[in-house]
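In: Here's my sequence, what's the structure:
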Amino acid sequence: MRRIGINTWVWTSPLRDANAPQHLAHIAELGFDVVELPLEQPGDLTAAALLPLLEQHVLGASVVGAMAPGRALVGADGGAIAATQAYLRSCIDLAAEISAPAVCGPFTAETGRTWRMDADERAATVRQLREHLAPVVAHAADRGVRIGIEPLNRYETSLLTTVEQSLDALEPMLGEHLGLALDTYHLGIEERSTGGAIRTAGEHVVHVQVCGSDRGAPGGDQTDWPEVRDALDAIDYRGPLVIESFTGENAAIAVAASIWRPLAATQDDLASDGLAFLRALEAA
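Out: Reported below is the predicted structural model:
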């Protein structure tokens, strides 16, 4: 069965060395196999602090990046692009140092930035993305880490919103060190079939995040979870299923993720209910 993980954004933002011990201990106590670590700023998290915690709690790790305001690999000046590349290299370095196999996120432009493009403008933007992503992928190859580019829904980006768009844009670069990170929330908005999109992504799936169609716990929502599981089996995806949801109690993350109401009685309920559902789904 696939391992089950959870992102610390369910409870807090940002995660730093100082608060990591309490959160990793709690995640292990709840019964998760993997913790997903968001590196919001370089230096927030260090291998020196994380490695003993991961070992102590017998947790695997994955790393995600955040495309905060000012971060972009397209449609930005040279300084912003260089700073974004440096930030992504720091995410890769952290992953390599803690033996996390992948770094994932919507590594194109600031999350929430949308703009209209005709066919020529889209083609030019895709060329920019390839050019500016290439040195980051090269760094990932040097460090033995794989990058997963995450398609987002239409309200959070206008560049890569579907699996088909993403495969087309990244096709010359796809391979051992670059693929796709899929999130069932975004797939549920943009794809005609979530299972079909997973099958189309196939061998290029690096990482999978899961949540309910309302951004809450997976299970009891509109998602066809048996079809998600069957599609992941069909492509032989053996990586973790990581719950990504958010707390509305943190002002910055509530605004960024549009969390305007509670998604469960408590954040622990969201985590525990999602974990129980995914364990049963995998065992079925």
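In: what's the first-to-last distance across stretch 148-163?
Out: End-to-end distance for stretch 148-163: 12 Å, by Cα to Cα, to the nearest Å.
In: pLDDT wise, what is N250 at?
Out: With respect to pLDDT, N250 scores 86.
In: Now do the strands in the stretch 101-250 of the chain.
Out: With strands called from DSSP state E, counting those that start in this stretch, the stretch 101-250 of the chain shows them at 102-105, 146-149, 178-183, 205-210, 241-243.
In: Distance to Q22, mean pLDDT and mean neighbour count added to those, as a markdown table?
Out: From N, CA and C alone the C-beta is placed, and that goes for glycine too. Output for the strands of the stretch 101-250 of the chain, formatted as a markdown table (distance: least, Cβ to Cβ, whole Å; pLDDT from 0 to 100; neighbours: other Cβ atoms under 10 Å):
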| stretch | distance to Q22 | mean pLDDT | mean neighbour count |
| --- | --- | --- | --- |
| strand 102-105 | 24 | 98 | 26 |
| strand 146-149 | 28 | 98 | 25 |
| strand 178-183 | 26 | 98 | 25 |
| strand 205-210 | 23 | 98 | 26 |
| strand 241-243 | 19 | 98 | 28 |
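In: With distance to A80 as added columns, please give those in TSV.
Out: Shown next, in TSV, are the strands of the stretch 101-250 of the chain (distance: least, Cβ to Cβ, whole Å):
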stretch	distance to A80
strand 102-105	17
strand 146-149	18
strand 178-183	22
strand 205-210	25
strand 241-243	29
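In: Relative to G216, which of these is closest?
Out: strand 241-243 (9.6 Å; Cβ to Cβ).
In: Return the distance of that closest one from the chain's centre.
Out: 9 Å (Cα atoms, centre = their mean, to the nearest Å).
In: Can you list the buried residues in the helix or strand of the chain with the lowest mean pLDDT?
Out: Across the helices and strands of the chain, mean confidence by mean pLDDT, DSSP states H and E is lowest for helix 251-257: a mean of 85. Within helix 251-257, the residues scored as buried using 16 or more other Cβ atoms under 10 Å are I253, A254, A256, A257.
In: Before I go, just wanted to say thanks for your time.
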